[in-house]
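Chemist: fold the following.
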Amino acid sequence: MTASLAVTGIGLLVTNRRELGEGLLGTIRDAALVIHDGRVAWVGEQRALPEAAGDRRLDAAGACVLPGFVDAHTHLVFAGDRAGEFAARLSGQPYAAGGIRTTVAATRAASDAALLDGARRRAAAALRTGSTTMEVKSGYGLTVADEIRCLRTAAAIGDDPALPAVVATFLGAHVVPPEHVGDPDAYVDLIRGPMLDACAPLADGCDAFCEQGAFDVDASRAVLTAGAARGLTVRVHANQLGPGPGAQLAAELSAASADHLTHLTADDIGALAAAGVVATLLPLAELSTHSPAAPARRLLDAGVTVALATDCNPGTSYTTSMPLIVALGCLHLGLTPDEAVHAATAGGAAALRLDGAGHLGVGARGDLLVLAADSATHLAYRPGMDLVDTVVLGGRVVYSRR
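Modeler: Got it, this is the predicted structure:
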């Protein structure tokens, strides 16, 4: 027997479908929607809601309702922390990619149960702040066995109906691990061969950290093309620490997304636009590393789709809060509230190539959140405040402050 949920009394509904409502967010005032068998089955003005709609009802009491956040870049599976590194950075020590190896050592030493417990707690915290879909990368194992463990942990989170849906990304090319520092080419060969053979069946995407101190453009291209040959979607950590070839590589490979993008030239932006690559921006990582803001306005003006994500990781952005990232999208990157909300929902879905997430049109997954506010602008206007009242995942209420 299928079940349906009618969400009524919506003061302002964000659909992210221009054909359904007003403006970029496709907003409808005094709205309602019906979720049937986990999918949106009807959406419109409350006065047009069919009388018998919904086996169950959720009254939004005049609040704003929006699609669940799609956090399109996280490193959720790890052990340990790097609070000492964070404190040192605040004292003037520059960020370098090599700090990742500290987390690699802790992750390798952790038990399967400890890895799962930590990832589960972070995913639950993300859900409470409105994230209903998360990309989860491996990359803190960097052996065949440990990368498998990371991806299996990500799968276990995604299999839990009370936690966000998961899109898993293989990131064996995060940094060169200590045992291969003397022969990085051998490590690239390991990734392209045995590691991808074992990990590709567990992943949706393949990523590489194309950056000084991590992997150069030739090594990144070799890894990403090997991943694509196994059917994985290409993603690239690009242009984070300085100008470089990562953005152009993402365009060359028609990547789904290029992430970070703090340092871009006009040619980089043009290449991303022409190739249809989504720009996934990570503002808390920039603040944490004392970096300039990514050129969000220039990207949007060039026609690039922008996503916002947490970059949840223990070194540079230890948060699971997408409301915080929406606020930083406005206060640090210069987006309007509507643009930031769109980037955190529909933009993230585009980065992950998910047609059924990030919007509330008919056929979308029944993932939404009810704010303790009458508009989504409050996410940026009241940064750091607990504004998520209720989270619905697949038509089921999975979190509520009521």
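Chemist: phi and psi next, for the closest residue to G118 other than its chain neighbours.
Modeler: Leaving aside its sequence neighbours, G118 sits nearest to A79 (C-beta to C-beta, 6 or more residues apart in numbering; 6.3 Å). C-betas here are computed from N, CA, C, even on glycine. Dihedral angles of A79 (phi, psi; degrees, to the nearest 10) stand at phi -130, psi 160.
Chemist: over to T8?
Modeler: According to degrees, to the nearest 10, T8 has phi -120, psi 170.
Chemist: that one and R57 touch, don't they?
Modeler: Yes. Counting by C-beta atoms under 8 Å, R57 is a contact partner of T8 at 5.9 Å.
Chemist: what about the two, which has more around it?
Modeler: Remark: of T8 and R57, T8 carries more neighbours, 17 against 13, as counted by other C-beta atoms under 10 Å.
Chemist: and the closest residue to that one other than its chain neighbours, how many neighbours?
Modeler: The spatial neighbour of T8 that comes closest, neighbours along the chain excluded (C-beta to C-beta, 6+ apart), is A32 at 4.7 Å. Using other C-beta under 10 Å, A32 is surrounded by 27 other residues.
Chemist: contacts for the helix or strand hosting A32?
Modeler: Using DSSP states H and E, A32 maps to strand 28-36. Strand 28-36 has contacts (C-beta atoms under 8 Å, 6 or more residues apart in numbering) with 2-13, 15, 20-22, 40-47, 49-50, 53-54, 65, 360, 366, 368, 392, 394-395.
Chemist: repeat that for 6 Å
Modeler: Residues outside strand 28-36 that contact it (C-beta atoms under 6 Å, 6 or more residues apart in numbering): 4-8, 10, 12-13, 21, 40-43, 45-46, 49, 53-54, 366, 395.
Chemist: which elements pack onto the helix or strand just after that strand?
Modeler: Next along the chain after strand 28-36, taking DSSP H and E as the criterion, comes strand 39-45. Using 3 or more C-beta pairs under 6 Å, 6 or more residues apart in numbering; DSSP states H and E as the contact test, the elements touching strand 39-45 are strand 28-36.
Chemist: switch to 10 Å and redo it
Modeler: Applying 3 or more C-beta pairs under 10 Å, 6 or more residues apart in numbering; DSSP states H and E, we find strand 39-45 packed against strand 4-13, strand 28-36.
Chemist: now do the longest one and strand 28-36, the angle between them.
Modeler: So that's strand 4-13. 160 degrees (axes from the mean of the first three to the mean of the last three C-alpha atoms, to 10 degrees).
Chemist: between strand 39-45 and strand 4-13, find me the angle.
Modeler: Put simply, strand 4-13 runs at 40 degrees to strand 39-45, going by the same axes, to 10 degrees.
Chemist: direction included, what does strand 4-13 pair up with?
Modeler: Note on strand 4-13: by DSSP bridges, its sheet partners are strand 28-36 (antiparallel), strand 56-59 (parallel), strand 64-67 (parallel).
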